[in-house]
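Student: The amino acid sequence is not available; the structure is as follows:
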């Protein structure tokens, strides 16, 4: 199923590179030097991409060989929903799970170590969102692969659509654009909203939601973007030594 959706994934990624690359040129939110850490970002992206493929195949293999038939049969009614509802509910479900995973990463030091590399970026633009450690990518890819496959049993087109939306969000929330989406900002994460999450100083551990900001509003981790200055610094707030980079890239 996921193997045949690979072409949708490639098209979604290439299309997003073009759209957000041009958009950042036309409506930048901040001055950004993309060359500062380009090599590092490329390395992180390739690592995350490889792990995504490995994890997806591993989860697919485990589920097909270990999940009992009665468990899959119990989910048949969900799997027979129209495609639009399946994709939407799958996105909401995965987003809810990842909100709590993300929150745990900011609460417990042993999980923070898997996430710190993502916050090491001092220049936020569309590519910096892919700066994730090995263990960070592994932790996130399990629910991202298992839930759509096991619970919703998405078809290749449905899985490709869900992945395309996920890629779009990854670009969208980290992109360096100035944009106002009006009332939708009460539901959806925006670049300005997520930029607060990357603040080098306070508030830290806030605005954790990947797609739907309602989780932050419901569970007390919301910070209004309008209360923050436009030029607050992002990153970890301290330089990273070369000897620390391999450990942070692994997430240990």
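Tutor: Here it is on my side, so go on. Computed from a predicted model, the values in this text were never measured in an experiment.
Student: Let me see the mean pLDDT of stretch 38-53.
Tutor: For stretch 38-53, mean pLDDT is 76.
Student: try stretch 168-178
Tutor: On average, stretch 168-178 scores 88.
Student: Just give the closest residue to residue 234, not the sequence neighbours.
Tutor: residue 198 (4.1 Å; Cβ to Cβ, 6 or more residues apart in numbering). For every residue, glycine as well, the C-beta is placed using N, CA and C.
Student: Wait, that neighbour touches residue 122, no?
Tutor: No - the criterion here is Cβ atoms under 8 Å, and residue 198 misses it with residue 122 at 9.1 Å.
Student: Give the residues shared as contacts by these two.
Tutor: Common neighbours of residue 198 and residue 122 (criterion: Cβ atoms under 8 Å, 6 or more residues apart in numbering): 234-235.
Student: the more surrounded of these two?
Tutor: Neighbours per residue (other Cβ atoms under 10 Å) separate residue 198 from residue 122, with residue 198 holding more: 23 against 19.
Student: residues of the host helix or strand of residue 194 that come out buried?
Tutor: Assigned by DSSP states H and E, residue 194 belongs to helix 191-197. For helix 191-197, burial by neighbour count (16 or more other Cβ atoms under 10 Å) applies to 191-197.
Student: which residues touch it?
Tutor: 29, 124, 172-179, 185, 203, 206-208, 213, 223, 225, 228, 232, 234.
Student: Filter those down to the buried ones.
Tutor: Buried members of the contacts of helix 191-197, scored by 16+ other Cβ under 10 Å, are 29, 124, 172-177, 185, 206-208, 213, 223, 225, 228, 234.
Student: Who are the contact partners of the residue nearest to residue 234?
Tutor: 119, 121, 124, 234-235.
Student: Same list (those) but as TSV, adding secondary structure.
Tutor: Shown next, in TSV, are these (DSSP: H, G, I helix; E, B strand; the rest coil):
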residue	secondary structure
119	helix
121	coil
124	coil
234	strand
235	coil
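Student: Now render the buried residues of helix 191-197 as JSON lines, adding pLDDT and distance to residue 34.
Tutor: Shown next, in JSON lines, are the buried residues of helix 191-197 (pLDDT from 0 to 100; distance: Cβ to Cβ, whole Å):
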{"residue": "191", "pLDDT": "93", "distance to residue 34": "16"}
{"residue": "192", "pLDDT": "93", "distance to residue 34": "19"}
{"residue": "193", "pLDDT": "94", "distance to residue 34": "22"}
{"residue": "194", "pLDDT": "94", "distance to residue 34": "18"}
{"residue": "195", "pLDDT": "93", "distance to residue 34": "16"}
{"residue": "196", "pLDDT": "93", "distance to residue 34": "21"}
{"residue": "197", "pLDDT": "94", "distance to residue 34": "20"}
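Student: just to revisit the earlier point, the residue nearest to residue 234 and residue 232: what is the separation?
Tutor: In this view, residue 198 and residue 232 are 9 Å apart by Cβ to Cβ, to the nearest Å.
Student: Over to residue 166?
Tutor: Distance from residue 166 to residue 232, counting by Cβ to Cβ: 27 Å.
Student: ranges for the strands of the stretch 51-200 of the chain?
Tutor: With DSSP state E, counting those that start in this stretch as the definition, the stretch 51-200 of the chain shows no strands.
Student: so where do the helices sit in it?
Tutor: Using DSSP state H, counting those that start in this stretch, the helices found in the stretch 51-200 of the chain span residues 69-74, 76-79, 83-107, 109-115, 134-146, 156-174, 191-197.
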